[in-house]
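Enquirer: coords please:
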Amino acid sequence: MYSRYCDYFTRLLNHDTALRAGWSFDNSIFPTTTVNFGPNAVCFDHLDFANAAAGWCAITSTGNYDPTRGGHLVLFDIDMIIEFPPGSTILIPSSVMRHGNTPIQAGETRAGITQYAAGALFRWVDNGFMKADSTSDEVKARMAAEAPQSLLDIECTVVEAEEFASKDELQRKHVEALNALSNFVYGLKGQLADQEGLDGKIDDDDKKTILTTLKDTAECINENGLEASIEELEEKPSEVQGIACPKL
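Expert: Presented below is the predicted three-dimensional model:
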């Protein structure tokens, strides 16, 4: 996708060098940027139908808001609601995937920066830097022959977006399971060190057994946490409780 953008826009800028002065950013492949200054930027369910259908749109969220309680990106076609923290960027095929975002809370602020490419720019290059109705019969025939591949490119873009969304969801669940296990281990370890808590209620041998189990679990997290499955991480607290609870 990046290579395709480079190819088309290099040809476009070589054809009309004056366009270089209006390019959004020197280090961005996207020719166009729109800023929604907010202060409560919210978008309803929509498609950016003028954007390149077989292309990506880079959306950056900014502001001061709690991303766990508002400002989520909603992808309606694949039933996904994604946390969208300030300062993060998400890429979606905005022309063919319905999207919007949830409101933020009172007193918070949110703005948005969107980078994209209009589909008309690609058609302009394909048509030899002219409108479609001004092209030769030869160009029209070539464009007609390439149309099925263009539709296939659009389909592949949507499939890729769905795959990325599924991977992101799995990653989120994995991080949550890993954090929950870590919090459980260090929380129980803290209770064992509290003289007014568990420390004063169990004998030294039982305490040593539990601490050894917690140490082994912490080492397992450090060494294998990233590779462990979500199911393994979710089952681990029950294993630790099976050893610790009879001694508490």
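Enquirer: Let's verify the one residue sitting closest to the centre of the chain: helix, strand, or coil?
Expert: Nearest to the mean C-alpha position of the chain, counting by CA atoms, centre = their mean, stands Ile90 at 4.8 Å. Following DSSP: H, G, I helix; E, B strand; the rest coil, Ile90 is assigned to strand.
Enquirer: So it versus Thr114, what's the distance?
Expert: Distance, Ile90 to Thr114, using CB to CB, to the nearest Å: 10 Å. (Glycine included, C-beta is placed from N, CA and C.)
Enquirer: before we move on, what about Thr89?
Expert: Remark: distance between Thr89 and Thr114 (CB to CB) = 10 Å.
Enquirer: who touches both of those two?
Expert: With contacts defined as CB atoms under 8 Å, 6 or more residues apart in numbering, the residues adjacent to both Thr89 and Thr114 are 58-60.
Enquirer: Could you check which of Thr89 and Thr114 is surrounded by more residues?
Expert: Legend: neighbour count by other CB atoms under 10 Å for Thr89 and Thr114, higher for Thr114 (18 against 11).
Enquirer: Next SSE downstream of the worst-scoring helix or strand of the chain on mean pLDDT?
Expert: In the chain, the helix or strand scored least confidently by mean pLDDT, DSSP states H and E is helix 137-193, which has a mean of 69. Using DSSP states H and E, the next helix or strand after helix 137-193 towards the C-terminus is helix 204-224.
Enquirer: And the next helix or strand past that next one?
Expert: From helix 204-224, the next helix or strand downstream (DSSP H and E) is helix 230-244.
Enquirer: how about stretch 47-67: buried residues?
Expert: By neighbour count on 16 or more other CB atoms under 10 Å, the buried set for stretch 47-67 is 47-48, 51-63, 65, 67.
Enquirer: Now find how far off-centre that stretch is within its chain.
Expert: Stretch 47-67 has its C-alpha centroid displaced from the chain centroid by 11 Å (CA atoms, centre = their mean, to the nearest Å).
Enquirer: May I have that stretch as CSV, with CA atoms only?
Expert: As requested, the backbone C-alpha atoms of stretch 47-67 are provided in CSV (Å, rounded to 0.1, in the frame of the first residue of the first chain):
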residue,chain,number,x,y,z
LEU,A,47,-18.1,6.7,5.3
ASP,A,48,-15.5,9.0,3.8
PHE,A,49,-16.7,8.1,0.3
ALA,A,50,-14.4,10.5,-1.5
ASN,A,51,-11.2,8.9,-0.1
ALA,A,52,-9.3,6.2,-2.0
ALA,A,53,-11.4,3.0,-1.7
ALA,A,54,-8.3,0.7,-1.8
GLY,A,55,-6.4,2.9,0.6
TRP,A,56,-5.9,3.8,4.3
CYS,A,57,-6.8,6.8,6.4
ALA,A,58,-4.6,7.7,9.4
ILE,A,59,-6.7,9.1,12.3
THR,A,60,-4.8,10.7,15.3
SER,A,61,-6.7,11.5,18.5
THR,A,62,-5.6,14.3,20.7
GLY,A,63,-7.0,16.1,23.8
ASN,A,64,-7.5,15.5,27.5
TYR,A,65,-10.0,12.7,28.1
ASP,A,66,-10.3,9.3,29.7
PRO,A,67,-10.1,6.8,26.8
